[in-house]
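1. Everything below, folded, please.
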Amino acid sequence: MAGQGGAATEGTWVARFRFRIAKRLKSNSKELALVLGGREVSLRPQDGSMTDSEWLVMRAPGFETKNDAQKFVRRLKVATMVAAVETGNGIDPGEGKPTGWISPAFFTEMFGDDLESVENIHGTQVYWDDGRQKFVSVKADATVHANAEMLAAALTATFDHQLSPTARALAALEILSLSRMAREPLAEATLCVAAVELLALREDWTSEQRELLRALKKHAEEVAPDQPEVADAVGKAYKSVRGGIKELILSTLGLGDSTWKEFDAVYGMRSNIFHGLEPISRHSISDFARNARPVCERIVIAGARLKGEF
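-> Numbers count the residues shown, from 1 in each chain. I've put the predicted structure just below:
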């Protein structure tokens, strides 16, 4: 089989996903063996035990082509984010950049000439493995634990759905997942709401076009005061963020009026806090944080599961 440089070497393409998890997994196992899409995938801590590491690595070997490995690892990333959210956890999926660096000379001094240094990417990664590859890792700390088997079961079920979210839905899912990494309830809830706003975002109008629409609506009100429907029609051409979210929840995702009312109440709480409509108190922040996550998760997960553009 041909390796990365085209030489005939024995090896395989490997799909790897390294991420940081909000709640460490409580498990006596040093590794969880999963079968996803008919392939064996290992889930293991970067260092030490599952309970002691907030950095986890998922690895799937055996791909004949780099393209197949890349497709698989993209699907693995999405499924992991959804599974984490659905089991009350969160992950930082990374941006495909390495963490830390080691000079080639130092690597050779430490491990010899027979091994090859591979960048320890925070995110998805595909590399050729012929048994000589070596990752140099960094250890990290955390305190709260989550059930490892529960995450594994959710991941297996989610992966089988073959989710293929749009770029916008994927970005919203990443923000929602990252919100679990926030240390403060206010920051967590704000990120949850931001994820829904991003999911509902429409990029049809530029700022200049929106200004022209507002000017046109005002002009219509002046020249046709006895025909308010003209100005109303112009005003409806551009919808507010809140209106876009309402359309997303009711029409696009079909989540029903109860979900819209639940989110709208959360949206009101956020406005009261950030626009100074009421004194900021621990009670108001606590209410906002407690109510934001369940409804925002429901909306973003529904968007991630939706097939096709919207």
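2. how about the helices in the protein?
-> 66-86, 104-111, 148-159, 167-179, 185-200, 207-223, 228-235, 241-247, 257-274, 282-305 (DSSP state H).
3. between these, which one is nearest to Ser29?
-> The closest of the helices of the chain to Ser29 is helix 148-159. By CB to CB, the value is 7.1 Å. The C-beta positions use only the backbone N, C-alpha and C, and glycine is treated the same way.
4. so the closest one versus helix 282-305, what angle?
-> Counting by axes from the mean of the first three to the mean of the last three CA atoms, to 10 degrees, helix 148-159 lies at 40 degrees to helix 282-305.
5. Helix 148-159 vs helix 66-86, what angle?
-> Interaxial angle of helix 148-159 relative to helix 66-86 (the same axes, to 10 degrees): 120 degrees.
6. Apart from its neighbours in sequence, what residue is nearest Gly11?
-> Leaving aside its sequence neighbours, Gly11 sits nearest to Asp130 (CB to CB, 6 or more residues apart in numbering; 3.2 Å).
7. so what are the domain limits for this structure?
-> Per automatic domain parsing, the structural domains of the chain span 12-162, 195-202+239-305.
8. would a markdown table of these with distance to Ser179, mean neighbour count and mean pLDDT be doable?
-> As requested, those are exported to a markdown table (distance: least, CB to CB, whole Å; neighbours: other CB atoms under 10 Å; pLDDT from 0 to 100):
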| stretch | distance to Ser179 | mean neighbour count | mean pLDDT |
| --- | --- | --- | --- |
| domain 12-162 | 6 | 17 | 84 |
| domain 195-202+239-305 | 7 | 17 | 89 |
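9. could you redo these as TSV and give each row distance to Leu176?
-> Listed next are these as TSV, based on distance: least, CB to CB, whole Å:
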stretch	distance to Leu176
domain 12-162	6
domain 195-202+239-305	4
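10. Quick one, which of the helices of the chain gets closest to Leu25.
-> Of all the helices of the chain, helix 148-159 sits nearest to Leu25, with 3.7 Å by CB to CB.
11. Now do that closest one: which elements does it pack against?
-> Other helices and strands packing on helix 148-159, by 3 or more CB pairs under 8 Å, 6 or more residues apart in numbering; DSSP states H and E, are strand 24-26, strand 32-36, helix 66-86.
12. Centre of the chain to that helix, how far?
-> Put simply, helix 148-159 sits 16 Å off its chain's centre (CA atoms, centre = their mean, to the nearest Å).
13. Would you confirm that Leu76 contacts Met58?
-> Yes. In this structure, Leu76 is within contact of Met58 by CB atoms under 8 Å, at 6.2 Å.
14. what touches both of those two?
-> Both Leu76 and Met58 are contacted by Phe17, Val41, under the criterion CB atoms under 8 Å, 6 or more residues apart in numbering.
15. now the helices and strands packed on helix 148-159 as TSV including distance to Asn120?
-> As requested, those are exported to TSV (distance: least, CB to CB, whole Å):
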stretch	distance to Asn120
strand 24-26	19
strand 32-36	20
helix 66-86	15
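16. Select, out of the ones you listed, the one closest to Leu306.
-> helix 66-86 (12.4 Å).
17. picking that back up, output the helices of the chain in TSV, with distance to Ala22 appended to each entry.
-> Formatted as TSV, these follow (distance: least, CB to CB, whole Å):
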stretch	distance to Ala22
helix 66-86	8
helix 104-111	32
helix 148-159	11
helix 167-179	9
helix 185-200	10
helix 207-223	36
helix 228-235	42
helix 241-247	26
helix 257-274	21
helix 282-305	12
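18. right, and those - which one's nearest Met50?
-> Closest approach to Met50 among those is made by helix 148-159 (5.9 Å; CB to CB).
19. Export that closest one to PDB, keeping only CA atoms.
-> These are the backbone C-alpha positions of helix 148-159, laid out as PDB (Å, rounded to 0.1, in the frame of the first residue of the first chain):
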ATOM      1  CA  ALA A 148     -18.500   7.400  29.900                       C
ATOM      2  CA  GLU A 149     -20.800   4.600  28.900                       C
ATOM      3  CA  MET A 150     -23.800   7.000  28.500                       C
ATOM      4  CA  LEU A 151     -21.700   9.200  26.100                       C
ATOM      5  CA  ALA A 152     -20.600   6.100  24.200                       C
ATOM      6  CA  ALA A 153     -24.200   4.900  23.800                       C
ATOM      7  CA  ALA A 154     -25.400   8.300  22.600                       C
ATOM      8  CA  LEU A 155     -22.500   8.600  20.200                       C
ATOM      9  CA  THR A 156     -23.200   5.200  18.700                       C
ATOM     10  CA  ALA A 157     -26.900   6.100  18.200                       C
ATOM     11  CA  THR A 158     -26.100   9.600  16.800                       C
ATOM     12  CA  PHE A 159     -23.400   8.400  14.400                       C
END
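20. so that helix versus strand 32-36, what angle?
-> Angle of helix 148-159 versus strand 32-36, following the same axes, to 10 degrees, is 10 degrees.
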